[in-house]
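*Asks:* Following is a predicted model, sequence given first.
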Amino acid sequence: MYPIKRTPIKELLHAKEFNIEVNVKGWVRTKRGNKSLAFINLNDGSIIHGIQIVAELANFDENMIKLITTGSCISVTGTLVQSQGQGQSVEIQATTIEVYGTADAEVYPLQKKGHTLEFLREIAHLRPRTNTFGAVLRIRHAMSYAIHKYFNDNGFYNIHSPIITGSDAEGAGAMFRVTTLDPINPPKTETGAVNYAEDFFGKETNLTVSGQLEAELAALALTKVYTFGPTFRAENSNTARHLAEFWMIEPEVAFNDLVDNMDLAEDFLKYLINYALTHCMDDLEFLEKMYENELLSRLRFVVEESFERLTYTQAVEILKESNHPFEFPVDWGADLQSEHERYLVEKHFKRPVILTHYPKQIKAFYMKLSEDGKTVKAMDVLFPGIGEIIGGSQREEDHDKLLMRIREMGIHEKDVWWYLETRKYGTCPHAGFGLGFERLILFVTGMGNIRDVIPFPRTPKNAEF
RNA sequence: UCCUCCUUAGCUCAGUUGGUUAGAGCAUUUGACUGUUAAUCAAAGGGUCCCUGGUUCGAGUCCAGGAGGGGGAGCCA
C-alpha cells in the first residue's frame, strides 16, 4: 500500500466525488461517541469548518483511540462518503489513523467550550487553533493579498522603506532606539552625553514610525508607489485601537491633489472590503454569528454608499449646532475628540466621513498649506467604531513654504536635507495617506480589540511570545 | 499616563452583615448508551480565594501598598 496524498479539508468539504480513498491531517477539535463509534471533528485551518471523521472502534487499537483528544494532531486515511447523519454533508469513514502529537486533556488549555478573548491573549501561541483566530488570520491574509493586488492592478510599485531610520522628522510619536552600545556603560562625549558616534551606525537610530517620507522620494520618480511594512510607536497607549508594533500601508502618488487622494482612499477601502465579502464569506459569517450581528450588512453598506466629505470647519459648525452634550468643548483650532468624531460618523452622517482642511497648527509639517493660509490640505477618514482609519494629505511641494513650516515646528533642517532636496529638484504636486492595517482588520472582522487581529500583539508591558 | 471596574477550581462565574467543612456550570477521570453535532445520563477527583502587610477572637469578604487584566480618555494609524 502506498501513502495517499493529503487533501486539504477545504477541498473535501466541496467534493463532488464520493467513495474515494483520501487522507487528511489536522488538529482534533472534539471527539464524541458511544461504545462502538467515535466522531472526530478535524480541522486543518484551510477553512473554518472541520470535517467529520467516523471511526468504528472495533477496527482500531483502544489505546490509540484514547490518545485522540481535543488538541491532538492526527493523520486519517479513509473513504470520503456522503454523511449518514445530520449536520454535515460529507464525512470520512476512517480505515487508518496515525497520531502525530497528543494533547493531554488534563492540561491542554483549549476546551470545546468557548473562551474569553482575554484568556486567549494569554495563550497566544495556541489561539491560532481556535475558530475565531483561524477566521481572523485567514481574513488578515486575504486583506494583505488584496492590498498588493489592488496596487499592482492600478500601476503602483511597492517600495520597501527602511525599518531602521536615522531621523525623527515626522514627529509621529515616541520612537524605539536601535543601538548596539553597552547599556550599562556607554561611551560618553566630553560633555557627558552618550556618544552615538561610536554606535553601530555612527549616529542615533530608531525603528521607523512611518515610511511616508521615503515613499515620497520614490513617488517623485515612479509616480505611483506604496509601502506596506511594520511600524513602531513607543507611545504608552493602552487602548483597544493602538499597538506598539503594527503594519501600515502608505500609498504616495505624484500629480495627485487632495481630491485625487480622497478618491483613491475611498476606492481602495471599498475594494478591500468588497474583496473580503467575495473571498472570506465563511469566516465573516462565523464572526457575524459569534461577535457582531450586523457585520455583513455594515460591510455591504460601506461598499455601496459614498463617504461623506466635508471640511474641518464645516464639521466644527455641525458639532456646535448639534446641542449634543459633549464632555469636551468644540472649538475651531483644537483637534477633534473621539466623541466628536464618533458623533459625526455614528449619529449625524451614519456613514464613513472624510474630514479635510484641518488647522495647520494641529497637523504635520509636510502637509500642503491651503490658499487661506490657516489650514492644510489634510484628510482623515473616519470609520464607525474605529475612528481614524486613514490619515493623509496633499504634501507641500514648495521648497520655501516647506522650509518655513520645518522651522516653525522646530525640526532640524540638517536631519531632513534629503527631503528638502526633492523640492529643490523637479518638485511636483503629490499626495498620499497611511492606512492602519490592523484597524482595517478590526473593521472587516468586527472584532473589538486590536490585540485580537494581530497574531502576537506588542503593547506596553507585553512582548510575550 | 489619567479615570474606572475587575482578579475565587483548567475555563466562565456565584459567594449574604466579617463566622464552622468556599459553591455552580462547563472541562477532566470513570461508568452507561449503535450515528453523535458544545451529544446525553450517572458518579468521582480538582482551591496559595493575585501578592505583601494591617485591623479583628476570626478575613475570600474590611483597610493600605503592589502586580496583572478589562472598559473609557489622551496620543495616533
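*Replies:* Structure's in. What do you need? Bear in mind that the values here come from a model prediction, so they are computed numbers and not experimental data.

*Asks:* what about the lengthiest strand in chain A, average pLDDT?
*Replies:* As assigned by DSSP state E, the longest strand anywhere in chain A is strand A:20-33. Regarding strand A:20-33, the rounded mean pLDDT is 93.

*Asks:* Residues in contact with it: which ones?
*Replies:* Contacts to strand A:20-33, defined as Cβ atoms under 8 Å, 6 or more residues apart in numbering, come from residues A:3-7, A:9, A:12, A:38-45, A:50-51, A:53, A:57, A:68-80, A:92, A:95, A:100, A:103, A:112, A:129. The way it works is simple: take the backbone N, C-alpha and C, and place the C-beta from them, glycine included.

*Asks:* out of the residues you listed, which touch RNA strand B?
*Replies:* A:Phe39, A:Asn41, A:Thr69, A:Thr70, A:Lys112 (Cβ under 7 Å from any atom of the strand).

*Asks:* From the contact counts, what lies against the helix or strand where the second one lies?
*Replies:* Under the assignment given by DSSP states H and E, the secondary-structure element containing A:Asn41 is strand A:37-43. Contact partners of strand A:37-43 among helices and strands, from 3 or more Cβ pairs under 8 Å, 6 or more residues apart in numbering; DSSP states H and E: strand A:20-33, strand A:51-56, strand A:73-82.

*Asks:* quick one: buried residues of it?
*Replies:* A:Ala38, A:Phe39, A:Ile40, A:Asn41, A:Leu42, A:Asn43 (16 or more other Cβ atoms under 10 Å).

*Asks:* Equivalent analysis for stretch A:368-386, please.
*Replies:* By 16+ other Cβ under 10 Å, the buried positions in stretch A:368-386 come out as A:368-370, A:375-386.

*Asks:* Quote the end-to-end distance of it.
*Replies:* Distance across stretch A:368-386, first residue to last, is 26 Å (Cα to Cα, to the nearest Å).

*Asks:* cool, stretch A:406-425 as well?
*Replies:* Across stretch A:406-425, the terminal residues are separated by 18 Å (Cα to Cα).

*Asks:* One more: stretch A:238-258?
*Replies:* Stretch A:238-258: ends 32 Å apart by Cα to Cα.

*Asks:* ok, that stretch near RNA strand B or not?
*Replies:* Yes: interface with RNA strand B: stretch A:238-258 contributes A:Asn238, A:Thr239, A:Ala240, A:Arg241, A:His242, A:Leu243, A:Ala244, A:Phe246, A:Met248 (Cβ under 7 Å from any atom of the strand).

*Asks:* Write the PyMOL selection for whichever of those are buried.
*Replies:* Buried members of the residues of stretch A:238-258 next to RNA strand B can be picked out in PyMOL with the line below, counting by 16+ other Cβ under 10 Å:
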select buried, chain A and resi 241+242+243+244+246+248
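
*Asks:* Dump the residues of stretch A:238-258 next to RNA strand B to CSV, plus distance to A:Pro457 and secondary structure.
*Replies:* Formatted as CSV, these follow (distance: Cβ to Cβ, whole Å; DSSP: H, G, I helix; E, B strand; the rest coil):
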residue, distance to A:Pro457, secondary structure
A:Asn238, 12, coil
A:Thr239, 12, coil
A:Ala240, 11, coil
A:Arg241, 12, coil
A:His242, 10, coil
A:Leu243, 6, coil
A:Ala244, 8, coil
A:Phe246, 9, strand
A:Met248, 15, strand
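
*Asks:* Could you pick out the residues of the stretch 201-350 of chain A near RNA strand B for me?
*Replies:* With Cβ under 7 Å from any atom of the strand as the criterion, the stretch 201-350 of chain A meets RNA strand B at residues A:210, A:233, A:235-244, A:246, A:248, A:328, A:335, A:337-339, A:342.

*Asks:* thinking again about what came up before, could I get the buried residues of strand A:37-43 as TSV with pLDDT?
*Replies:* Listed next are the buried residues of strand A:37-43 as TSV, based on pLDDT from 0 to 100:
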residue	pLDDT
A:Ala38	91
A:Phe39	93
A:Ile40	93
A:Asn41	93
A:Leu42	95
A:Asn43	95
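
*Asks:* Looking at the residues you listed, which is nearest RNA strand B?
*Replies:* Nearest to RNA strand B among the buried residues of strand A:37-43: A:Phe39, at 3.2 Å, using Cβ to the nearest atom of the strand.

*Asks:* Go ahead and confirm the closest one touches A:Gln52.
*Replies:* Yes: between A:Phe39 and A:Gln52 there is a contact at 6.0 Å, judged by Cβ atoms under 8 Å.

*Asks:* Which strand or helix spans the residue nearest to A:Ala234 when sequence neighbours are not counted?
*Replies:* Of all residues beyond its chain neighbours, the one nearest A:Ala234 is A:Ala174 (3.9 Å), with distances taken as Cβ to Cβ, 6 or more residues apart in numbering. For A:Ala174, there is no host helix or strand (DSSP H and E).

*Asks:* Just list the residues touching A:Ala174, thanks.
*Replies:* Counting by Cβ under 8 Å, 6+ apart, A:Ala174 touches A:Arg233, A:Ala234, A:Glu235.

*Asks:* By neighbours, which of those wins?
*Replies:* A:Arg233 (20 neighbours; other Cβ atoms under 10 Å).

*Asks:* Would you mind giving the contacts of A:Ala174 as CSV with distance to A:Pro352 and pLDDT added?
*Replies:* As requested, the contacts of A:Ala174 are exported to CSV (distance: Cβ to Cβ, whole Å; pLDDT from 0 to 100):
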residue, distance to A:Pro352, pLDDT
A:Arg233, 24, 91
A:Ala234, 30, 89
A:Glu235, 25, 88
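
*Asks:* between these, which is closest to A:Asp182?
*Replies:* A:Ala234 (21.0 Å; Cβ to Cβ).
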